[in-house]
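**Q** how would this look folded up:
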Amino acid sequence: MQLHHQKHHATYVNNLNQAEEKSQEALAKGRSETMHTPNNHHLGDLKTAISLQGALKFNGGGHINHCIFWTNLCKEATEPSAQLTEAIKRDFGSLQNLQVNLPVICPTTMQLYSLGPSECGSSRRPRIG
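**A** Numbers count the residues shown, from 1 in each chain. Have a look, this model is predicted:
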């Protein structure tokens, strides 16, 4: 588990932090070097900022999924909470149907990681180490 946390999960976090920093730098580029609207509003290096969105989503998703993974680890196997069980039954019919259908719903890791942003319960920037 230490290897998983210190290498694999850390790679997502490091890549997310790098993409975020590059995105912020692109948006803050000097006014003379970057795009402006017809009303002369500063847009920064919008092309670079947009090109980083995939890296932000993918690595952010990897970080989010690992936060969920670490949060859900326990010493002994347990059943889902009553609230989660109810939602699973409502949406999938059973836990077994969820397990069977999840690969159909999100056939690739990229799709699973791109489901949406989250902070893993924290407002801090993700950092490991």
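
**Q** what ranges do the helices span in this structure?
**A** Listed in chain order, the helices of the chain (DSSP state H) span 2-3, 10-27, 46-51, 53-72, 82-92, 95-105, 109-113.

**Q** in terms of mean pLDDT, which of these ranks lowest?
**A** Lowest mean pLDDT within the helices of the chain: helix 109-113, at a mean of 51.

**Q** quick one on the thing from earlier: mean neighbour count added to the helices of the chain, as a markdown table?
**A** Backbone N, C-alpha and C define where each C-beta goes, glycine included. A markdown table is the format used below for the helices of the chain (neighbours: other C-beta atoms under 10 Å):
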| stretch | mean neighbour count |
| --- | --- |
| helix 2-3 | 7 |
| helix 10-27 | 17 |
| helix 46-51 | 14 |
| helix 53-72 | 17 |
| helix 82-92 | 12 |
| helix 95-105 | 12 |
| helix 109-113 | 14 |
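
**Q** stretch 48-58 spans what distance, first to last residue?
**A** With C-alpha to C-alpha, to the nearest Å as the measure, stretch 48-58 spans 17 Å from end to end.

**Q** scratch that, stretch 67-79
**A** Separation of the first and last residues of stretch 67-79 by C-alpha to C-alpha is 19 Å.

**Q** numbering from 3 from now on, please.
**A** Sure, I'll start numbering at 3, so the last one becomes stretch 69-81.

**Q** what number of residues lie near Met3?
**A** By the measure other C-beta atoms under 10 Å, the count of residues near Met3 is 7.

**Q** next: Gln8.
**A** Should you count by other C-beta under 10 Å, Gln8 turns out to have 12 residues around it.
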